[in-house]
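Asks: next input, structure requested:
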Amino acid sequence: MIIPKDDLMKKYIPLIAVLVLFGSASSLAKAVPLVIDFEDVITPSYGYTSKVDTKSNDFIFSNPLPYGKGVISDPVSACSPACASNGTNYLYGQSGLYNMTSEQGLMFDLISFDVAELQPAHTSNLTSIEIVGNYLAGGSVSYIFNLDGIVDGPSGLEDFESIILSNSFLGLGSVTFTANNDYFALDNLVVEVITVSEPAMPLLFLSGLIFVGMMRRKAVLAAS
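Replies: Below is the predicted model:
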């Protein structure tokens with residue numbers, strides 16, 4: 001059976017309109033690069049915060065324990081022997097667990113980060129770190145990184161190691177860092193936050209209305 005050209009146009013024009021509108025809205029979504037370095041966290045005179053989850057650069061880092069978590073700014077005052085040092089603020093945690101989420105619930109990509117054993121006394125137990133990325137759309141990806149066991153405080157050796165992740169860590173809703181149930185440190189997390197500009201929202205809404213209208217019309221025609 002040959003379908004008239006006019007009928008084909010009537011059938012597919014609404015679908016084409018939806019695709020064009022959705023494509024236009026998607027093109028207005030953009031990835032905003034960001035480095036989470038914890039320099040915006042104010043620490044007391046003794047050089048560290050404690051017993052609190054940490055917010056930095058619009059990201060929240062939560063640890064289920066009521067203690068042994070926070071940000072260190074002075075590794076000599078905060079620890080004995082001295083904690084890992086890179087000359088800047090960094091996140092630390094006991095139990096080797098941190099969950100990272102966007103405060104606004106935005107999708108993000110995790111590109112890279114720095115990690116270290118917190119103190120020399122804990123290097124024997126802390127041999128690796130596992131990173132689990134939980135996709136916003138469902139599902140997850142994981143990666144295990146073996147640590148080098150080097151931590152000497154501000155004495156000259158490089159305490160932190162840089163981890164560059166594959167492009168599997170894109171489109172995330174949260175990330176979990178797990179490190180052998182021992183103290184560890186995180187810093188300089190490079191992320192790209194996926195944002196949708198305001199002009200895109202009406203387009204997404206309009207494309208949704210057109211799609212719903214098409215489905216209703218199809219149902220009415222099928223019932224008649």
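Asks: so what's the residue count around E117?
Replies: Residues lying near E117 (other C-beta atoms under 10 Å) number 29. For glycine as for every other residue, the C-beta is placed from the backbone atoms N, C-alpha and C.
Asks: so it touches V151, yeah?
Replies: Yes: counting by C-beta atoms under 8 Å, V151 is a contact partner of E117 at 4.5 Å.
Asks: how far does the longest strand seen in the chain sit from the chain's center?
Replies: Assignment by DSSP state E gives strand 184-196 as the longest strand of the chain. The gap between where strand 184-196 is centred and where its chain is centred comes out at 6 Å by C-alpha atoms, centre = their mean, to the nearest Å.
Asks: can you tell me the strand partners of it and which way each runs?
Replies: Sheet pairing of strand 184-196 (DSSP bridges) gives strand 29-36 (antiparallel), strand 90-93 (antiparallel), strand 108-117 (antiparallel).
Asks: which one of these is the most hemmed in?
Replies: Each of these was given a mean neighbour count from mean count of other C-beta atoms under 10 Å, and the largest, a mean of 26, is that of strand 90-93.
Asks: coming back round to it: minimum distance to V190: which of the strands paired with strand 184-196 has it?
Replies: Of all those, strand 108-117 sits nearest to V190, with 4.2 Å by C-beta to C-beta.
Asks: which ones are touching F169?
Replies: Contact partners of F169, counting by C-beta atoms under 8 Å, 6 or more residues apart in numbering, are D109, L110, I111, I131, G133, V141, Y143, V175.
Asks: walking through this structure, point out its helices one by one.
Replies: Assigned by DSSP state H, the chain shows helices spanning 5-27, 75-78, 200-223.
Asks: of the ones you listed, which shows the lowest average pLDDT?
Replies: Ranked by mean pLDDT, the helices of the chain end with helix 5-27 at the bottom, a mean of 50.
Asks: now tell me which helix or strand of the protein has the poorest mean pLDDT.
Replies: The least trusted helix or strand in the chain, going by mean pLDDT, DSSP states H and E, turns out to be helix 5-27, with a mean of 50.
Asks: quick one: buried residues of stretch 133-144?
Replies: By neighbour count on 16 or more other C-beta atoms under 10 Å, the buried set for stretch 133-144 is G133, N134, Y135, V141.
Asks: before we move on, what about stretch 142-158?
Replies: By 16+ other C-beta under 10 Å, the buried positions in stretch 142-158 come out as L147, V151, G153.
Asks: got the end-to-end distance for it?
Replies: Its start and end residues considered, stretch 142-158 measures 26 Å (C-alpha to C-alpha, to the nearest Å).
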